[in-house]
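>>> quick one: sequence plus predicted model below, questions after.
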Amino acid sequence: GMLHDCAKNLSEQEQLQFCRKHHIDVTEVEEENTALLHAKNGEWMSAHKYHIDDPEILGAIRWHTTGRPGMTLLEKIIYVADFIEPNRKKLECLPAIRQEAYRDIDATVYHIAEAVTGFLSTQGKATDDMSMKTLRYYQDILEGRRKDGGTE
């Protein structure tokens, strides 16, 4: 948790330069929204500067902005914690998501992905492909529960 934003202090230009210097792939959406790059750059920094070699910790850092299908529990915890932290920009859905985080982490991941993709859409910004995959994956999990008689 303490390392997930270790690269966030880099400027937009520095985020891109860091990726190029360390041969980190950058998507078109990431070029437009360089704020996403701090996750990839943070993963690299954690491994190379802070000598973290635990793949689960590195994955949690890597996926804390977009999520990914089939996240580990630690990846989900960091993804959720990053979204619900006290200094988060106030979104209408935030209080409900904070409450849900205590009850159902998969539903919380889905609702965060839904909120993020919805917000980006209203702002006319492109959504990262992995964010969309995360949204669909966790939507399928919740729909599967409903079909099996479970609840969110």
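Structure's in. What do you need?

>>> so which bits of stretch 96-113 are buried?
97-98, 100-101, 105, 107-113 (16 or more other Cβ atoms under 10 Å). Using the backbone N, CA and C atoms, a C-beta is placed for each residue, glycine as well.

>>> any chance of those in a markdown table, with pLDDT and distance to residue 39 too?
Below are the buried residues of stretch 96-113 laid out as a markdown table (pLDDT from 0 to 100; distance: Cβ to Cβ, whole Å):
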| residue | pLDDT | distance to residue 39 |
| --- | --- | --- |
| 97 | 96 | 20 |
| 98 | 96 | 22 |
| 100 | 97 | 23 |
| 101 | 97 | 20 |
| 105 | 98 | 19 |
| 107 | 98 | 23 |
| 108 | 98 | 19 |
| 109 | 98 | 15 |
| 110 | 98 | 19 |
| 111 | 97 | 20 |
| 112 | 97 | 14 |
| 113 | 97 | 15 |
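
>>> what is the nearest of those to residue 11?
Nearest to residue 11 out of the buried residues of stretch 96-113 is residue 112 (Cβ to Cβ; 26.2 Å).

>>> coming back round to it: next step: the buried residues of stretch 96-113 restricted to helices.
Among the buried residues of stretch 96-113, the members falling in helices (DSSP state H) are 97-98, 100, 105, 107-113.

>>> give me the most central residue, this structure.
By Cα atoms, centre = their mean, the mean C-alpha position of the chain lies nearest to residue 65, the distance being 2.4 Å.

>>> can you tell me the element it falls in?
Under the criterion DSSP states H and E, no helix or strand holds residue 65.

>>> nearest residue to it in space, please, no chain neighbours.
Computed as Cβ to Cβ, 6 or more residues apart in numbering, the closest residue to residue 65 that is not its neighbour in sequence is residue 39, at 4.4 Å.

>>> OK, contacts around that neighbour?
The contact partners of residue 39, taken as Cβ atoms under 8 Å, 6 or more residues apart in numbering, are 4, 7, 61-66.

>>> contact partners for the residue nearest to the centre of the chain?
Residue 65 touches 35-36, 38-39, 82, 128, counting by Cβ under 8 Å, 6+ apart.
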